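**Q** Test case, fold it:
(4 chains)
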Protein chains: 2
Amino acid sequence: MRIGELADAVGVTTRTVRHYHHLGLLPEPERLPNGYRSYTLRHVVVLARIRRLTELGLGLAEVRDVLADEAGKDLAEVLEELDADLARQEDAIRERRARLRTLLDAGELPDEGPVSPELGALFADLEHASGSAAGAPASPMAARDREMLALLETTAAPQDRERLLGALRGALDSPEAVARAHRAYALLDDLADADSGDPRVAEAARALADCLPVELLPADEVVPDSHDSFLRAFYADFAPAQAEAIRQAMRIAGRGRR
Amino acid sequence: MRIGELADAVGVTTRTVRHYHHLGLLPEPERLPNGYRSYTLRHVVVLARIRRLTELGLGLAEVRDVLADEAGKDLAEVLEELDADLARQEDAIRERRARLRTLLDAGELPDEGPVSPELGALFADLEHASGSAAGAPASPMAARDREMLALLETTAAPQDRERLLGALRGALDSPEAVARAHRAYALLDDLADADSGDPRVAEAARALADCLPVELLPADEVVPDSHDSFLRAFYADFAPAQAEAIRQAMRIAGRGRR
DNA sequence: GCTTGACCCTGCCGCGGCGTCAACGTCTCT
DNA sequence: AGAGACGTTGACGCCGCGGCAGGGTCAAGC
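**A** Next comes the predicted model:
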């Protein structure tokens, strides 16, 4: 048989057959005078065996080991390992699909990108209670806050994530708390072009401090390393007066904690 | 922030960050006078978004498209596609694991490599009824037959596979049928070194013809293409007298069919 | 001033299982 | 004698980075 006939008989491509030759999985057959490979039934049998193994999910290197070790003793071990590996993959895919389905079922996807369902629910609370129904002028500060929360959630360790979500739920449990948050956003938005010595800074700081969940301070437990540089980058992202208000709010809330 | 701080903050490696730069997923930040990249909070936010998307299973090219298309409109489509894709993968893995489990539960793995559970059961029928209990001298012909059946099963189309298995089950349903098969094996084994004109050829052919399921003839329906070359290779794999016996058996069984 | 160690830079190879050219020789049919 | 279907070797592409080579930069300690 020539290579195309072998390949057709087993249902693979000639490229695959030559690949197996290259890897030493399938022995090279005799050559005809013109250089063509000339296969026998033995090759068909071995190639079909290789296919049965690869279709189970074995890698070609593992197939080679199994074929070399003759008997089926080692094969059982390999198959056990493979099963465990596949189990892990299956679980990973199931998790991802579960998250995907909750995201898709939720309907709207936030601009921040897909976020956990729990955090998405909190965002929705903040959004829907936003006062006016549809065309509410989006607050830049609110958007930034959502960004930051999404960021903290994705970077935090699982238990920190739990604390974060719990604290946020506690801080947003009443319509009055949501209203306070929106007032703080508005006051901070007003400081976008202000000087850092502006008298409205203190007011915005007090309003913001009222919204900060005490459990979250200090923040360095949520973002353990990278403290200095991250915080610097954080404050640098705001207008000077806004950054000053946030700093003051942190101090106020920190005092309230003790 | 420098690249290591950014990477730590989001939980990736610096290599990953640079890779995203290379692919255009994450914009290159300003450089410090020494050539170091200097990141801002904006980069942290975008990097975290990228991670959320990749952790859902999106490819980096898809992530780039989603980030470029700004709003969450296109994202929903991509996620739907992704879910369908993951569903296919999950099914494939489940199938493989199911086959693996039946193989592992079956205990013994045949030398031919892992074969379908149905065919494995047929092999077991042949094996256990092999006359003597444990140390039965293995018949080379029987081993070759198992090889061929395994081969035919893996290369046949699903409906051909069904016909094949059904025919085999029908042909092995009684202890007498199994005994006939073993007699045919033994007679063929005896022809290993015989001349193709040996008088025992006719006897072996009759014995073999009694075992062949009528439904399987002609074989070119099981192995549709590659007929000529495959059959030539098939007969070439046997000793001359054996090949002649098999050819005669095919003719006898073919006559019995009409 | 010199070393040490922790960073940073660019750039290229490797992985798995082939698909897909490229550039060429060989056979068969008409 | 040309077309078209085979065969040959060889190299690159995919994906998401990891790892290495071969450097530069900076702060701290001697």
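
**Q** Pull up the residues of the stretch 51-200 of chain A that are close to DNA strand C.
**A** Counting by CB under 7 Å from any atom of the strand, the residues of the stretch 51-200 of chain A close to DNA strand C are A:Thr54, A:Gly59, A:Leu60, A:Ala61. The way it works is simple: take the backbone N, C-alpha and C, and place the C-beta from them, glycine included.

**Q** Any chance of a ChimeraX selection covering the buried ones in these?
**A** In ChimeraX, a selection of the buried entries from these looks like this (16 or more other CB atoms under 10 Å in any protein chain shown):
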select /A:54
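
**Q** Max pairwise distance over the residues of the stretch 51-200 of chain A next to DNA strand C: which two?
**A** A:Thr54 and A:Ala61 (11.2 Å; CB to CB).

**Q** Mind telling me what element the one residue in the stretch 1-150 of chain A that gets nearest to DNA strand D is part of?
**A** DNA strand D sits closest to A:Gly4 of the stretch 1-150 of chain A, with a gap of 2.7 Å, by CB to the nearest atom of the strand. Taking DSSP states H and E as the definition, A:Gly4 sits inside helix A:3-10.

**Q** and that helix, which residues are buried?
**A** A:Ile3, A:Glu5, A:Leu6, A:Ala7, A:Asp8, A:Ala9, A:Val10.

**Q** Tell me the helix or strand right after it.
**A** Taking DSSP H and E, what comes next after helix A:3-10 is helix A:14-23.

**Q** Run the angle between that next one and helix A:3-10 for me.
**A** Using axes from the mean of the first three to the mean of the last three CA atoms, to 10 degrees, the interaxial angle of helix A:14-23 with respect to helix A:3-10 works out to 100 degrees.

**Q** In helices only, show me the residues of the stretch 51-200 of chain A next to DNA strand C.
**A** A:Thr54, A:Leu60, A:Ala61 (DSSP state H).

**Q** pLDDT added to these, as JSON lines?
**A** What follows is these, written out as JSON lines (pLDDT from 0 to 100):
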{"residue": "A:Thr54", "pLDDT": "93"}
{"residue": "A:Leu60", "pLDDT": "94"}
{"residue": "A:Ala61", "pLDDT": "91"}
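
**Q** Just put these in TSV and tack on distance to A:Val214.
**A** As requested, those are exported to TSV (distance: CB to CB, whole Å):
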residue	distance to A:Val214
A:Thr54	58
A:Leu60	58
A:Ala61	56
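
**Q** mind checking which helix or strand the residue most central in space within chain A is in?
**A** Nearest to the geometric centre of chain A sits A:Thr154, at 7.3 Å (CA atoms, centre = their mean). Taking DSSP H and E as the criterion, the element that holds A:Thr154 is helix A:140-155.

**Q** right, is that helix up against DNA strand D?
**A** No: figure legend: helix A:140-155 not in contact with DNA strand D (CB under 7 Å from any atom of the strand); closest approach 14.3 Å.

**Q** by how many degrees do that helix and helix B:3-10 diverge?
**A** Using the same axes, to 10 degrees: helix A:140-155 against helix B:3-10 is 90 degrees.

**Q** Helix A:140-155 packs against which elements?
**A** Where contact means 3 or more CB pairs under 8 Å, 6 or more residues apart in numbering or on different chains; DSSP states H and E, helix A:140-155 is packed against helix A:117-128, helix A:158-171, helix A:175-190, helix B:3-10, helix B:41-55.

**Q** CSV for these, including distance to B:Pro199?
**A** Formatted as CSV, those follow (distance: least, CB to CB, whole Å):
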stretch, distance to B:Pro199
helix A:117-128, 81
helix A:158-171, 81
helix A:175-190, 101
helix B:3-10, 82
helix B:41-55, 74
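
**Q** Which of those comes out lowest on mean pLDDT?
**A** For these, mean pLDDT drops lowest on helix A:117-128, to a mean of 82.

**Q** chain center to that helix, what's the gap?
**A** A distance of 19 Å separates the centroid of the chain from that of helix A:117-128, by CA atoms, centre = their mean, to the nearest Å.

**Q** near chain B, anything from it?
**A** No: for helix A:117-128 and chain B, the contact criterion (CB under 8 Å from any CB of the partner chain) is not met; the two come no nearer than 10.7 Å.

**Q** in that helix, what counts as buried?
**A** Buried positions in helix A:117-128, judged by neighbour count with 16+ other CB under 10 Å: A:Glu118, A:Leu119, A:Gly120, A:Leu122, A:Phe123, A:Asp125, A:Leu126.

**Q** coming back round to it: nearest to chain B, of the residues of the stretch 51-200 of chain A next to DNA strand C?
**A** Nearest to chain B among these: A:Thr54, at 10.8 Å, using CB to the nearest CB.

**Q** pretty sure A:Asp125 is in contact with A:Ala177, am I right?
**A** No: counting by CB atoms under 8 Å, A:Asp125 does not reach A:Ala177; the two are 9.8 Å apart.

**Q** The most far-flung residue of chain A relative to its centre and chain B, how far apart?
**A** In chain A, A:Pro33 marks the outermost C-alpha relative to the chain mean, sitting 57.9 Å out by CA atoms, centre = their mean. Using CB to the nearest CB, to the nearest Å, A:Pro33 is found at 18 Å from chain B.

**Q** Would it be right to say that that residue lies in a helix?
**A** No: under DSSP: H, G, I helix; E, B strand; the rest coil, A:Pro33 sits outside any helix and is assigned coil.

**Q** which one's the longest helix in chain A?
**A** In chain A, taking DSSP H as the definition, the longest helix is helix A:73-105.

**Q** count of neighbours near A:Leu67?
**A** Neighbouring residues of A:Leu67 were enumerated by other CB atoms under 10 Å in any protein chain shown; the total is 17.

**Q** Next, it: secondary structure please.
**A** A:Leu67 - assigned by three-state DSSP - is helix.

**Q** One more: A:Asp193?
**A** Assignment for A:Asp193 (three-state DSSP): coil.

**Q** which residues does it contact?
**A** Applying CB atoms under 8 Å, 6 or more residues apart in numbering or on different chains, we find A:Asp193 in contact with A:Ala239.

**Q** measure it to A:Ser139 for me?
**A** 15 Å (CB to CB, to the nearest Å).

**Q** What of A:Asp210?
**A** 17 Å.

**Q** same question, A:Gly120
**A** For A:Gly120 relative to A:Ser139 (CB to CB), the value is 18 Å.

**Q** Repeat that for A:Arg64.
**A** Where A:Ser139 is concerned, A:Arg64 sits at a distance of 62 Å (CB to CB).

**Q** Repeat that for A:Leu23.
**A** Note on A:Leu23: its distance to A:Ser139, by CB to CB, is 60 Å.

**Q** just A:Asp85 next, same as before
**A** For A:Asp85 relative to A:Ser139 (CB to CB), the value is 48 Å.

**Q** So if I had to pick from these two, which one is more boxed in?
**A** Using other CB under 10 Å, the more surrounded residue of A:Asp85 and A:Ser139 is A:Ser139, with 17 against 12.

**Q** follow-up on the earlier one: spatially nearest residue to the residue of the stretch 1-150 of chain A closest to DNA strand D, not counting backbone neighbours?
**A** Distance criterion CB to CB, 6 or more residues apart in numbering or on different chains; nearest residue to A:Gly4, sequence neighbours excluded, is A:Thr14 at 5.7 Å.
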